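# show me how the following folds:
(chains A, B and C)
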Amino acid sequence: KIENNLPDVVWWNRILTDGGAEMDIPAGEFPNTTIEYVPVNCQHCENPACTKVCPVGATYKDEETGIVHQDADKCIGCRMCMSACPYTGVRSFNWDEPTHVLDMNIGGVDAPEHQKHTVEKCTMCSHRVAKGEEPACVEACPARARFWGDLDDPNSEVSQIIKKRSFKQLLADEGTKPSVYYVG
Amino acid sequence: DGETSASNAEETICYGVCRSNCMQSCRYAAHVVDGKLVKLTPAEYAEDLYRGSCLRGMSYMHRIYSPHRIKYPMRRVEGTERGAGEWERISWDDAIAEIAEKFTSISQEYGPKSIVFDFGTGNYGEIQGQTGIFNRLGGVIGASKPAGMNDLATGYGIDRVIGTGLMYFANEAKSVLDSSHIVVWGSNPVHSTPQNWRWMQRAKEQGTKIIVVDPVKSATAHKADVYIPIKATTDGYLALAMANYILENDLQDDEFIAARSTAPLLVRRDTGMLLHKSDYAEVAEGEENPAYVWDNATGAIALYGEATDPALEGTFEVDGVTVDTSYTLLKQQLADYSISEAQRITGVPEETILELVDVFTKGDAVSVNISFGMDHYMNGYQSCWAIAILMALTGNLGRDGAGFTGIFLNTALALNMKALWAAPGFVGMTTAFPMTMLHEVAETQQFNGEDYPIKAMVSIISNAVSNWPSQNNFLEKILPALDFYLAMDMEMNDTVRYADMVLPVASFYEHEDFRKAHNLPYIVHQSKAIDPLYEAKDDVEICGLIGRAMGFEEAFPESNTFETYANLLLSSEACEKFNITLERLREEGYIDLSVLPGKPGIVGRTKFTTESGLAQLYTEKPAPRVNYGQDVKERFAKEHLVYYQPSAEVCEESEAAQTFPIVFIQEHSRWRTHSQWFNSPILKELDPEPIYKMSPEDAQERGIESGDIVEVFNDRGHMVVKCVIDPSLPQGMSRMPKGWQREQFIEGGYQELTYPTHDEWAVAFNFYDTRVDVKKR
Amino acid sequence: MTDMTSAAAAAPINVSQNTEQQGKKASASWKSTGLTVGIIVCGILTIAGIALWAMQLSGSMIQTGMRNLDSWGLYITFFMFFVGLSAGGLIISSVPKAFGIKGFGGISKVAIMSSIACTIAAIGFVVVDLGQPTRIWELFVFSNIGSPLMWDIIVLGTYLILSCFYLWAQMAHERGRVSDKALRVLSVIALLCAVMVHSVTAWIFGLQQGREMWHTALLGPWFVSSALVCGTALVICVVEALRKVGYLSLDQAYIVKLAKLLGAFVCVDLYFFACDLLTEGFPGAHGADVVSMLVSGQLAPFFWIEVVGCAVCAVICFTPKLRTNPLIVIASLLAIVGILCKRIQLLVGGFQLPNLDYVGALSPQTITNWEAGWTDAYAGMVYWPTPLEFGVMLGVVALAGLVFLLGIKFLALQPGDKIQAESEK
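Modelled structure (predicted):
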């Protein structure tokens, strides 16, 4: 959120709780309770549902990096993509004029701009990736639970990890072929 | 758009270290654009897993630029009540003049001790922080400094066995990679010390088993291999019963006990003291005074180390004095602690206890992650002492992967505190009584029957109103006694609200400092990333201004800068040995202090820091942590050998338990460190308001549902808050993520509920030893 | 239900005026006063709607009830509904011509006019829903032909143009400038286009793989059947209104025929619904949630109004004894309300079941009832419009009324033999 100077109350990457009825609350009965955290941001699908339905091509997939982009300057605000995306909530519409609690821009100097009445979402920190850096969430994860890399390169760290460890993909049966793997 | 901003914006990066009291020390790269700190990103350490960050550290600029930041010196408007929120802006000159005038006149009329310096834990910088420059000022004034009481019972208890003082009991976090088992006992590193958790997670990936013992199914318990629920405050009993079972079934680590513990040392029945060389021979001051053991080979006593076959057990007559070995005494002491009784008291089933026994006796190397969960109860030090005894008997101390982890502090590098504190004209601060007694002294203006006026107080990087137990005592007894209360802070927290004057202070990134890191083997530099905002000043400058205004020119000459003080502090033998200089710190950012390069720091790798160098099964000369004139004799005889004592309020047999059925603990969440970040707008997006969490059973009995507004109360105070039902709590337990300030509650505040007394020996705050009841509003 | 009254109000008034002209019995003053009042009222409502829309744009869409997790609302519901209504006119007017059936000729042009008005309303609803309407030109410059919304825009545009052309052609035909055959061909094309419009609109939803409730192949035919239901029902209401004022003499047999037709359409529509529910619910997976949400969950009121309403409608239409004119009108109204309920179910239902059954932090942008917490935000209907949205909606509906009334006023929409007289005016 900081890296991309996100407006107040806008989140691209939400940490959801698979457990009880509230955030951070487990399911079940003491002591046999269970809780799992599911960080849900744009899944940068191989077969994205959003790009197909955008009437003006404001959301599109970069074939080289696999990043699904969202062009705020082009977006007409029809929200077709939000309806199409099965991972509800990863796309965020600026229902209000974007405001920032601090009277200044924060985050990366090349962080994206935010426009009212347009859709935005996780860019996989494309501005950082372009400089050869990791996405901010990977860098910052206190638990080192996030890995990032080129899935097409069989020798990359991420490819190795999904080769060795069990994983699941969110809503795999939607056929979107998400590029985010949740490893067990 | 992107292009123009990129070309205009010149980003410079400098480095610093987060210094709140989370007991970690993440290093950050501060990204500065146009003189503004726009981003904090985790910066590297030699050991990559030490690199890290959390929501708080990363969002620190939201505190720097917060709309709630205190911008200039302010004085409470004359004639308004404390806490009424009426402030007038004053100039620094006026503020300093008034402070100097008040301090000087109060000091002249009532003596310097009537001025109380309250140091908090908001900044662990060596110069600008808790142990920094303000101690120099307090020292030349001769002010009172109540003995600190935070988080000290754990170390005090463990010290009984391994002599590590109050804060040096833990191995380096990295050491868990060598552990076969990690027992997380009453702590929640997933939320409170992620820097440590990373290593445990790594160890777990390598096959280490993680077992959590906790009354609450914490986030860590959810990530662990085994979770053992236990009734709060009964941990000590569990450990002692396990120890006894181990001894009875001959499962102990004989080799360790013989070689590294005080097992064979003989204890005189007549005095309770060890039989020392000095009992028979003249021992000069400073000369070693070893204890005697019984040598089976000769059938007589011999000095430790000189016997060929020292008896571990037995009772002997020596010149008409009956002596027992320490081990024998411990065995006798433990004999009463049975597994079946443990099941009743702790609520842990026998078979689970035996499984845990297996961990300690069969595990290759067990580390116990311990922080300040057990610490926060009246019997905290006994619990930790008991666990230390269990570790000693099973040989899980002082070697790779074995021992305590939690709060690793570096013992290798001693800084020259004396040079920093003892300025010309130094008289020293008086530490006559602990923090929990300040309200009594202030109310009666007496201490131990003698006059002890308390007239002024200054809170330095401290939010005492919020973080001292029994908040109402502070508001109703301490504040009315004060003629002048000065607070220095960045934000309007509880303490600042009740002050007479407030000074705006510089944030972590607005001044230079360095920090001997908590939980890391490094000393880390903080460079000044930006100028202090508004009229904020750093501690060095404020201290100098007050000091000179009070006439302490010699201690605070105008020429003294941060560098002067830094060089004083770094002028120690150890600094020389490690070649630590300010220049080097500035240049390299951080310096590795590892004793054995590449190997994690292990407490007692060669010997323990006890008098004998051995793990003590018997404490010869127990001493209270703070001596404030209490009757030490009464319990002295009892303090030699570990024992279980029920906690004051939480234990089921207590008087409070009859009236207040629910235990209330202040959970350390990932949103705040104590009360720091209490008003961070970006974090409040995710965690907007105080939440009281209670068990489904307790809620159901009271007809309470998630989202209801409830009143939580006991006979000391109350709070009115939103409630959430949390099945990770067993019936009878409740908790609230701490850090919220009074104005953020619907009514009252959680710190009203805690009690203001302490154990006479541990002299520590007992925040968790609190019972409450709840009703729906 | 405000929408219904205004939508229903618009049509009968116009038609009755038309009838007056037909019968040449009405006084000139009624005509001009009534029409002018109508135009003024619609004009005021339209302007009010535009003002509210301006407020929505300059303020922000946070004033609507829509949020990230329920990102479409009343506007898109009414978009669907008006696309459906627009069918009525064109189908009723083109079917007889395309298949050479006699009977509705008298109201043919008025019907097309209502079709045009409804299409304009449908487009209007898409426009007011856009966050950046000033970028609408991009649709033509950066068109992504793969997007169902793009298809819909093309088809709706074509439909609008075609309707206008069809209206012109009918008028021209009456003047003898267009041949019977050409008109008939045109009628077939118009009919096909109407079917396309509904299918494509359905695909806007049906091709969204992300929504359990929408993602069904049946949605296309189902939209067509629903359009037929409400289109026919609308025509019945209109015709009955015309007869009631006595300006139109239509054989009862036609009404019965229309009623039977309506009954058949309603049955087909219900049948599709049943097929869909069975397919959703039978495997017992997520689809079962859809079924229970509709049958007994948050959307049950809408579901049961639709099912019962349509069933009653079918009973009335098929029971000779019940086919009295008042009951037939009631049946038609029930059908229209039922289809509106169906639109609501469809739209809200798409958002009512979160795809990811996890909870997290909520913000004012996340979901309509964010302050209620996760469970309660979904406890009732996940979305409910704000007054602003109702206002803008009324404005768009009024715009349709305005277009229609202006058409009545300035175009020669009465039957052929009156054209001369009208054009001399």
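# where does pLDDT dip in chain B?
B:1-9 (pLDDT under 70).
# which single residue of it ends up nearest chain C?
residue B:686 (4.5 Å; C-beta to the nearest C-beta). Backbone N, C-alpha and C define where each C-beta goes, glycine included.
# likewise for chain A?
Nearest residue of chain A to chain C: residue A:77, at 2.0 Å (C-beta to the nearest C-beta).
# which stretches in the chain count as strands?
Because you didn't say which chain, this covers chain A. Here chain A has its strands, by DSSP state E, at A:14-18, A:36-40, A:59-61, A:68-70, A:91-93, A:119-121, A:167-168, A:182-183.
# tabulate these (TSV), appending distance to chain B.
Converted to TSV, those look like this (distance: least, C-beta to the nearest C-beta, whole Å):
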stretch	distance to chain B
strand A:14-18	9
strand A:36-40	8
strand A:59-61	17
strand A:68-70	13
strand A:91-93	13
strand A:119-121	14
strand A:167-168	15
strand A:182-183	11
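# make CSV from the ones you listed and add mean neighbour count and mean pLDDT to it.
CSV is the format used below for the strands of chain A (neighbours: other C-beta atoms under 10 Å in any protein chain shown; pLDDT from 0 to 100):
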stretch, mean neighbour count, mean pLDDT
strand A:14-18, 19, 89
strand A:36-40, 16, 91
strand A:59-61, 20, 92
strand A:68-70, 22, 93
strand A:91-93, 25, 92
strand A:119-121, 26, 94
strand A:167-168, 12, 89
strand A:182-183, 14, 88
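# so who does residue 37 touch?
With no chain named, the answer covers chain A. For residue A:37, the contacting residues are A:15, A:16, A:17, A:18, by C-beta atoms under 8 Å, 6 or more residues apart in numbering or on different chains.
# looking at chain B here, not the other one
By C-beta under 8 Å, 6+ apart, the contact set of residue B:37 is B:30, B:31, B:61, B:64, B:65, B:509, B:529, B:530.
# what sits against the residue nearest the centre of chain C?
Centroid-nearest residue in chain C: residue C:82, 2.3 Å away (criterion: C-alpha atoms, centre = their mean). Residue C:82 makes contact with C:118, C:119, C:121, C:122, C:125, C:400, according to C-beta under 8 Å, 6+ apart.
# could you redo the last one with a cut-off of 10 Å?
Going by C-beta atoms under 10 Å, 6 or more residues apart in numbering or on different chains, residue C:82 touches C:3, C:7, C:117-125, C:201, C:230, C:343, C:396-397, C:400.
# so residue B:292 sits in a helix?
No. The assignment for residue B:292, made by DSSP: H, G, I helix; E, B strand; the rest coil, is strand rather than a helix.
# which residues does it bridge with?
residue B:303 (DSSP bridges).
# one more: residue A:40?
Beta bridges link residue A:40 to residue A:14, judged by DSSP bridges.
# I'd assumed residue C:359 was in contact with it.
No. Residue A:40 is beyond contact range of residue C:359, at 11.5 Å (criterion: C-beta atoms under 10 Å).
# which residues are common contacts for these two?
Both residue A:40 and residue C:359 are in contact with residue A:16, where contact means C-beta under 10 Å, 6+ apart.
# residue contacts, the closest residue to the residue of chain A closest to chain C other than its chain neighbours?
Distance criterion C-beta to C-beta, 6 or more residues apart in numbering or on different chains; nearest residue to residue A:77, sequence neighbours excluded, is residue C:131 at 2.0 Å. Applying C-beta under 10 Å, 6+ apart, we find residue C:131 in contact with A:75-79, A:93-95, A:115-119, C:56-57, C:60-61.
# same check, this time on residue C:403
Residue C:403 neighbours (C-beta under 10 Å, 6+ apart): C:10, C:42, C:46, C:113, C:114, C:116, C:117, C:118, C:119, C:120, C:121, C:124.
# which one of those is nearest residue B:339?
Distance to residue B:339 across the contacts of residue C:403 (C-beta to C-beta) is lowest for residue C:124, with 78.5 Å.
# which non-adjacent residue is nearest that closest one?
Excluding the flanking residues, the one nearest residue C:124 by C-beta to C-beta, 6+ apart is residue C:396, at 4.2 Å.
# count of residues packed around that neighbour?
Using other C-beta atoms under 10 Å in any protein chain shown, residue C:396 has 28 other residues around it.
# can you give me how far the helix or strand harbouring it is from the chain middle?
For residue C:396, the enclosing helix or strand under DSSP states H and E is helix C:387-410. From the chain centre to the centre of helix C:387-410 is a distance of 13 Å (C-alpha atoms, centre = their mean, to the nearest Å).
# list the buried ones in it?
Residues of helix C:387-410 classed as buried: C:388-389, C:391-409 (neighbour count, 16 or more other C-beta atoms under 10 Å in any protein chain shown).
# could I get the pLDDT score of residue C:234?
pLDDT for residue C:234: 80.
# my guess is residue A:98 meets residue C:62, correct?
No. Between residue A:98 and residue C:62 there is no contact under C-beta under 10 Å: 11.1 Å.
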